[in-house]
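**Q** What follows is a predicted protein model with its sequence.
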Amino acid sequence: MREFLKRKNIEISARRYGIDALGAMAQGLFCSLLIGTIIDTVGVQFHIPFLTQVVAVLGSGEQAVSYTVGGLAKAMSGPAMAVAIGYALQAPPLVLFSLATVGFASNALGGAGGPLAVLFVAIFAAELGKAVSKQTKVDILVTPLTTILAGAALSAWLAPAIGAAANQVGALIRWATELQPFWMGIVVSVVIGIALTLPISSAAICAALSLTGLAGGAAVAGCCANMVGFAVLSFRENRWGGLVSQGLGTSMLQMPNIVKNPRIWLPAILTSAVTGPLATCLFHLEMNDPSGGLAAGMGTCGLVGQIGVYAGWVSDVAAGVKPAVTAFDWAGLALICFLLPALLAWLFGLFFRKIGWIRPGDLTLPQ
């Protein structure tokens, strides 16, 4: 069995499924649902006809569904996630292409917890497809049939339960954050901020649990505390290149240094513990973007987190939930996402450098 799994490149491990597949799923979600949301938001706010006009209509009569360019991108989120997962699992072409159907089915049946359902179902379908790939002379029939039928059957059986469970967990976190915004602001901000820097996908976690509302705002605060925090904290070592690569890219670049000296993470973690409750209790920062929480786990990466918050404001105003976007909203966004993380991480960093917990060169990025 071990020889068979090795020959089929089926590696049952936490890294393959919990890091590689999860990270790829977030990229697929980003390239479909989140990009579609950004396109729609830009089109509406800047009155760009090409981005707001209907480019496709499916069905007829009352069943007709109209799509803009952004709408088409958002509709493909399930297939995009599944294909991305298959790519991370190094699936052969026939398996990889068949996963588009599997992703559509599991995402549709998973409801609000669709991304988590796609993760489980696509992994199973991909590995099963890899197992039968090139085992017969009619591989072009057997492999797609096996992958699609297994994925569709598992979606029908498991996706609704996974989606409901993920939705309940997310609802519990959102409820707890509304009930105890101070303590949950700290917990959510610190945990999601840590997940952002670890080699796992904070965006996928936020999307799977639908972390919106105040919980989503706390998640944004934690991610920004790590990204902007590390960018400013390590400026003396990495200068402008490090500021941009970490502040607009990812704080995950510091993981090799964290492994060598975990104490360099303390300024960012402490910063997230401060900005999280400020986001929930003082500024009431909420993430209500149409992507269902994905942007909450992106922080300042390409300014996606901030675009997500703004998209949520626009949606709330259009729905009549929010009267208008105020100067206080903008001030809170700027302070939580940029100014406070930079200032607090720098101050915490000075203290830890002074007591010798952070030494010269500890934050230098690998070349």
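**A** Perfect, thanks for sending it. Residues are numbered from 1 along each chain as shown.
**Q** Give me the neighbour count for the nearest residue to residue 329 once chain neighbours are set aside.
**A** Once flanking residues are discounted, residue 329 sits nearest to residue 313: 6.6 Å by C-beta to C-beta, 6 or more residues apart in numbering. For every residue, glycine as well, the C-beta is placed using N, CA and C. Neighbour count for residue 313, taken as other C-beta atoms under 10 Å: 22.
**Q** tell me the phi and psi of residue 313?
**A** Dihedral pair for residue 313: phi -60, psi -50, per degrees, to the nearest 10.
**Q** Can you read off the pLDDT for it?
**A** In this model, residue 313 is scored at 92, pLDDT.
**Q** next one: residue 46
**A** Residue 46 is given a pLDDT of 83.
**Q** okay, now it: neighbour count?
**A** Look at residue 46: counted by other C-beta under 10 Å, it has 9 neighbours.
**Q** residues touching the residue nearest to residue 329, list them.
**A** Counting by C-beta atoms under 8 Å, 6 or more residues apart in numbering, residue 313 makes contact with 288, 322, 325, 329.
**Q** Quick one: residues contacting the first one.
**A** What that stands for is residue 288. Residues near residue 288 by C-beta under 8 Å, 6+ apart: 212, 213, 216, 312, 313, 315, 316.
**Q** Could you do residue 32 as well?
**A** Contacts for residue 32 were tallied using C-beta under 8 Å, 6+ apart; they are 73, 74, 76, 77, 79, 80, 81.
**Q** Is residue 57 located within a helix, as I assumed?
**A** No: checked against DSSP: H, G, I helix; E, B strand; the rest coil, residue 57 lies outside a helix; its state is strand.
**Q** what pairs with it across the strands?
**A** residue 66 (DSSP bridges).
**Q** wait, isn't residue 122 in contact with residue 86?
**A** Yes: assessed by C-beta atoms under 8 Å, residue 122 is found in contact with residue 86 at 6.6 Å.
**Q** okay, and the common contacts of these two?
**A** Shared contacts of residue 122 and residue 86 (C-beta under 8 Å, 6+ apart): residue 99.
**Q** For those two, work out which one has more neighbours and name it.
**A** With neighbours defined as other C-beta under 10 Å, residue 122 and residue 86 compare such that residue 122 has more, 34 against 31.
**Q** Tell me how many other residues crowd residue 241.
**A** Neighbour count of residue 241, defined by other C-beta under 10 Å: 9.
**Q** Over to it: give its phi and psi.
**A** Backbone geometry at residue 241, expressed as degrees, to the nearest 10, gives phi -60, psi -40.
**Q** Which pLDDT does the model give it?
**A** With respect to pLDDT, residue 241 has a value of 90.
**Q** and what of residue 292?
**A** In the predicted model, residue 292 carries a pLDDT score of 69.
**Q** likewise residue 115?
**A** 84.
**Q** can you dump the C-alpha coordinates of the one helix or strand it maps to into CSV?
**A** Per DSSP states H and E, residue 115 falls inside helix 114-132. Taking C-alpha atoms only, helix 114-132 is exported to CSV below (Å, rounded to 0.1, in the frame of the first residue of the first chain):
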residue,chain,number,x,y,z
GLY,A,114,-19.1,26.1,1.0
PRO,A,115,-15.4,26.8,1.1
LEU,A,116,-14.9,24.3,3.9
ALA,A,117,-17.0,21.7,2.1
VAL,A,118,-15.0,22.2,-1.1
LEU,A,119,-11.8,21.6,0.9
PHE,A,120,-12.9,18.2,2.2
VAL,A,121,-14.7,17.0,-0.8
ALA,A,122,-12.1,18.2,-3.4
ILE,A,123,-9.2,16.5,-1.4
PHE,A,124,-11.1,13.2,-1.3
ALA,A,125,-12.1,13.3,-5.0
ALA,A,126,-8.6,14.4,-6.1
GLU,A,127,-6.9,11.6,-4.2
LEU,A,128,-9.3,9.0,-5.4
GLY,A,129,-8.9,10.3,-9.0
LYS,A,130,-5.1,10.1,-8.6
ALA,A,131,-5.5,6.5,-7.4
VAL,A,132,-7.3,5.3,-10.5
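**Q** in stretch 5-13, what counts as buried?
**A** Within stretch 5-13, the residues that qualify as buried are 8, 10, counting by 16 or more other C-beta atoms under 10 Å.
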